[in-house]
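Engineer: Pasting the sequence and the predicted model now:
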Amino acid sequence: MNQIASATAIANPNIAFIKYWGDKDPMLRIPANGSLSMNLSNLQSRTTVSYDSTLERDELILDRKVPDDLAVERVTRFLDHVRHLAGISYYARVESENNFPTGSGIASSASAFAALSLAASKAAGLQLDERSLSRLARRGSGSACRSVPAGFVEWQSGEDDDSSYAFSLAAPEHWQLYDCIAIVSQEHKKTGSREGHALAETSLLQNARVGDTTRRLDLCRQAILNRDFQAFAEIVELDSNLMHAVMMTSQPRLFYWQPATLAVMRAVVDWRRNGIPVCFTIDAGPNVHVITLADHSSRVIADLIQIPGVSKVLVSGPGKAVRLSVE
Ligand code: PMV
């Protein structure tokens, strides 16, 4: 008779306001610097893990399709760690679905590994607290550790597996910040963040960026806690520009922007000059995360969609912590 133990979890992706770029330890994903982010309420990954005594290997279904071998291998390596922690040996069937379009250029690894951490550990009989769950998610994808706690989240870089985890700075209700993601390309990125982190050290600018992180984290943390949009906007744009300066000057160089990326950046800076609370931040891709306050979001979305090259805008407020699905 086969034995099955199953659990389903839901997690939101997050947008970093102070970015993680480069690793001190790429195996354990101990980052070169601390980072700070907000979970995105309207976007989610929903993942079911079922350990089954009759399986001969792990099986993975992503958005109703069988993904390439590399993706399966990455999940198997992750599940091996969970099996080791729980002292079990059964393989698992993993089904994961995103409610945002695949290939929309929105990184799904953060929400996918946060949801996988909770579903896989729960189904294996583990009761991990938030810190342990965040440390576990970090092994799948660094930024996934920030999708474990709720709302506004800081990842303290730490020095080792025990000390590198994320925690909530403020609940989702603390500040009604909206992320209006201007989609300018739906292409899959040519260089993923995994290869990108490995290149960070080849840029002359990485040491300067990392050396100044404590100052930027302090400014961003204070701006969020005080709900000071002007201070927040200045530091968030500076941090995004610093990360892209490192990317552009690494060897080989990484250049993620497209003409429409720059058009959105310029428009956002103009709007802010004209009194609208709005700023931009960009991850390892061409799409622009335009951050504003809830009251201004309708106007910002309407204006963004007018910019040539912007095909659509996805909108989210601050999201919750990773959670089990009760259905
Ligand atoms: O977690 P990863 O390996 O996908 O890296 C995320 C890198 C950025 O999105 C560019 C920055 C960040 O802090 O989220």
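Structural biologist: Perfect, thanks for sending it. Residues are numbered from 1 along each chain as shown.
Engineer: alpha carbons only for contacts and neighbour counts from here, please
Structural biologist: OK.
Engineer: Pretty sure residue 304 sits against residue 182.
Structural biologist: Yes. With contact defined as CA atoms under 8 Å, residue 304 counts as touching residue 182 (6.9 Å).
Engineer: shared neighbours of these two, anything?
Structural biologist: 264, 310, 313 (CA atoms under 8 Å, 6 or more residues apart in numbering).
Engineer: Would you map the helices across the chain?
Structural biologist: In the chain, the helices defined using DSSP state H lie at 69-86, 109-123, 130-140, 193-199, 206-211, 213-225, 229-248, 259-273, 297-305.
Engineer: mean pLDDT for those: which is lowest?
Structural biologist: Ranked by mean pLDDT, the helices of the chain bottom out at helix 193-199, with a mean of 91.
Engineer: Give the buried residues for stretch 254-269.
Structural biologist: Within stretch 254-269, the residues that qualify as buried by neighbour count (16 or more other CA atoms under 10 Å) are 254-257, 260-261, 264-265, 267-269.
Engineer: Centre of the chain to stretch 305-323, how far?
Structural biologist: Relative to its parent chain, stretch 305-323 has a centroid offset of 14 Å by CA atoms, centre = their mean, to the nearest Å.
Engineer: what's the burial count for residue 64?
Structural biologist: 10 (other CA atoms under 10 Å).
Engineer: Got phi/psi on it?
Structural biologist: Dihedral pair for residue 64: phi 70, psi 10, per degrees, to the nearest 10.
Engineer: now, which of the shared contacts of residue 304 and residue 182 sits nearest residue 126?
Structural biologist: Nearest to residue 126 among the shared contacts of residue 304 and residue 182: residue 313, at 38.9 Å, using CA to CA.
Engineer: Pretty sure the closest one sits against residue 178.
Structural biologist: No. At 11.8 Å, residue 313 does not count as touching residue 178 under the criterion of CA under 8 Å.
Engineer: coming back round to it: filter the shared contacts of residue 304 and residue 182 down to the ones near the ligand?
Structural biologist: The subset of the shared contacts of residue 304 and residue 182 within reach of the ligand, counting by CA under 6 Å from any ligand atom, is empty.
Engineer: could I get those as a markdown table with distance to residue 278?
Structural biologist: Converted to a markdown table, the shared contacts of residue 304 and residue 182 look like this (distance: CA to CA, whole Å):
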| residue | distance to residue 278 |
| --- | --- |
| 264 | 11 |
| 310 | 17 |
| 313 | 15 |
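Engineer: and the helices of the chain, which is most packed in?
Structural biologist: Among these, the stretch with the highest mean neighbour count (mean count of other CA atoms under 10 Å) is helix 109-123, at a mean of 28.
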